[in-house]
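# With the input below, show me the fold.
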Amino acid sequence: KASTGRSFAEWFSMIESAGLADKRREAIQLVYDATGRGKDVWWPTTIWVEFERSKGIVKKDGRPEGYNICCTKGFKHTPAELFPHFATEAAFAAWVPGWKGVMKEGAAFTCGDAKGEVGRIRPGKDIRMVWNSPGYPPTEIEIQFNVTAGKLTINFYHKRIGTRAEADGLRRAWGAALDRLKALT
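Take a look at the predicted model:
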């Protein structure tokens, strides 16, 4: 309430009154607009995740959607020129501290205390992984290589994060990793 002007119960009532109890994106936008846009962009998502938790809203697999973060960095390279930094254990570990594991579909990896499995790899297009931080349910990572107007952008999407604290930590870590990758290129 101190940060947004309303308690969780008041926000939940507003979401339900607006008919948005099953519309995540629209509910987050409603809260974002009502909080004055930009004061703390995490509050709209936090309010929705707490609403989701309080109402038992889950996806088809029985788990809530939770927090989704995105870290983005632009590069003056083609996907083919940059992909080698993702293609091997040593290359990935050069900018993702603690990484151990082969970059191969189905391969297990560790990164610090986290463990996971590399999913689909489409060189120069995207990489998917399942990430398991200790004490949290598994989350999903998608790394996308996007070219727009001749400029490459790398997007790190980390999805289905359970807590705001974990999401904040992962956003800082992936942002710092992309900064290290930029410095290497």
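# So Val58 sits against Gly66, correct?
No: counting by Cβ atoms under 8 Å, no contact exists between Val58 and Gly66, whose distance comes to 10.2 Å. All C-beta spots, glycine's among them, are computed from the backbone N, C-alpha and C.
# neighbour-wise, which of these two wins?
Gly66 (22 against 12; other Cβ atoms under 10 Å).
# The more buried one against Arg160, yeah?
Yes: counting by Cβ under 8 Å, Gly66 does reach Arg160; the two are 4.9 Å apart.
# who touches both of these two?
By the contact definition Cβ atoms under 8 Å, 6 or more residues apart in numbering, Gly66 and Arg160 are jointly contacted by Thr139.
# And the strands in this protein?
Per DSSP state E, the chain has strands spanning 67-75, 99-100, 108-111, 114-122, 126-132, 139-148, 151-161. These are given in chain order.
# gap between the second one and the chain center?
I take that to be strand 99-100. Between the centre of strand 99-100 and the centre of its chain there are 19 Å (Cα atoms, centre = their mean, to the nearest Å).
# List the contacts of that strand.
Contact partners of strand 99-100, identified using Cβ under 8 Å, 6+ apart, comprise Glu89, Phe92, Ala93, Phe109, Thr110, Cys111.
# 10 Å - rerun?
Outside strand 99-100, the residues within contact range by Cβ atoms under 10 Å, 6 or more residues apart in numbering are 89-93, 108-112, 114-115, 177.
# Neighbour count and pLDDT for these - can I get that in TSV?
Shown next, in TSV, are those (neighbours: other Cβ atoms under 10 Å; pLDDT from 0 to 100):
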residue	neighbour count	pLDDT
Glu89	15	93
Ala90	9	95
Ala91	17	96
Phe92	22	95
Ala93	14	96
Ala108	12	97
Phe109	21	97
Thr110	13	97
Cys111	20	95
Gly112	13	93
Ala114	17	94
Lys115	17	96
Ala177	19	97
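# What distance do you get for the nearest residue to Ala93 once chain neighbours are set aside to Phe92?
When the adjacent residues along the chain are set aside, Ala93 lies closest to Trp99, with 4.2 Å between them (Cβ to Cβ, 6 or more residues apart in numbering). Look at Trp99 and Phe92: by Cβ to Cβ, to the nearest Å, they are 5 Å apart.
# Find residues that contact each of these two.
Between them, Trp99 and Phe92 have Phe109, Cys111, Ala177 as joint contacts when contacts are counted by Cβ under 10 Å, 6+ apart.
# roughly how far out does the lengthiest helix in the chain sit from the chain middle?
Under DSSP state H, the helix in the chain containing the largest number of residues is helix 164-184. Here helix 164-184 is found 10 Å from its chain centre; the criterion is Cα atoms, centre = their mean.
# which neighbours do Val58 and Gly66 share?
Glu52.
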